[in-house]
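Enquirer: Pasting the sequence and the predicted coordinates here, then a few questions.
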Amino acid sequence: MTQQTTNPKLVLTRILDAPVELVFKAWTEPERLAQWWGPKGSSITVQKFDLQPGGVFHYCMQHPNAGEMWALFTFREISPVNKLVFVSSFSDADGNIIVGPFFTTWPLEILNILTLEETNGKTTLTLTGEPINATAEEMQAYTNMISNMEQGFAGTFERLDDYLSSTNA
């Protein structure tokens, strides 16, 4: 009997005190995304943003502790205002996918599914991420970092909370 394996998954859920339309704009408008995306203390510069299937969000993140790092989202599915599916990767300044700067065994591609659901003026955000086209070693590296990623995203989502509470539209 063949043993079936599944990719390790990161699953994050957060309730945001904002309507779903505003949360979707925060994820899909580059000038908004640049104000909150990334861990606390970081800032990003948007190189390219093309919100359509096959389009990309290519950006450079600057962080005092980690320096400069390039990354890329390649959009697969956009369902306003409830769903974004994208593949995230580390990249170089030209948008070529590269091995992550911190790990030699990190997966080149992470499939992310963002869903947004509004109830009584608040939005429940759910983000899942899992390696695709990854080796067993890369999947294990991802699994080993899930708790660290949960902590990192907690800071990013705090920045999103702050952004949403400071904006009116």
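Expert: Nice, thanks for sending it over. Residues are numbered from 1 along each chain as shown.

Enquirer: Show me where the protein dips below the pLDDT cut-off.
Expert: 1-6, 168-169 (pLDDT under 70).

Enquirer: hey, which strand is longest across it?
Expert: In the chain, assigned by DSSP state E, the strand with the most residues is strand 67-79.

Enquirer: So in that sheet, which strands flank that one, and in what orientation?
Expert: Strand 67-79 pairs in its sheet with strand 56-63 (antiparallel), strand 83-91 (antiparallel), by DSSP bridges.

Enquirer: And the ones you listed: which comes nearest Leu111?
Expert: strand 83-91 (5.6 Å; Cβ to Cβ). C-betas here are computed from N, CA, C, even on glycine.

Enquirer: After that closest one, which helix or strand is next?
Expert: On the C-terminal side of strand 83-91, the closest following helix or strand by DSSP states H and E is strand 109-119.

Enquirer: Does that following strand pack against any helices or strands, and if so which?
Expert: Other elements packing on strand 109-119 under the criterion 3 or more Cβ pairs under 8 Å, 6 or more residues apart in numbering; DSSP states H and E are helix 20-28, strand 83-91, strand 122-132.

Enquirer: Format these as JSON lines; extra columns: distance to Ala34.
Expert: What follows is the helices and strands packed on strand 109-119, written out as JSON lines (distance: least, Cβ to Cβ, whole Å):
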{"stretch": "helix 20-28", "distance to Ala34": "10"}
{"stretch": "strand 83-91", "distance to Ala34": "16"}
{"stretch": "strand 122-132", "distance to Ala34": "18"}
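
Enquirer: Of all the ones you listed, which one is nearest Ser43?
Expert: Using Cβ to Cβ, the nearest of the helices and strands packed on strand 109-119 to Ser43 is helix 20-28, at 16.0 Å.

Enquirer: about what we covered before: make a markdown table out of the helices and strands packed on strand 109-119 and add distance to Arg14 and mean neighbour count.
Expert: Output for those, formatted as a markdown table (distance: least, Cβ to Cβ, whole Å; neighbours: other Cβ atoms under 10 Å):
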| stretch | distance to Arg14 | mean neighbour count |
| --- | --- | --- |
| helix 20-28 | 10 | 19 |
| strand 83-91 | 15 | 20 |
| strand 122-132 | 5 | 18 |
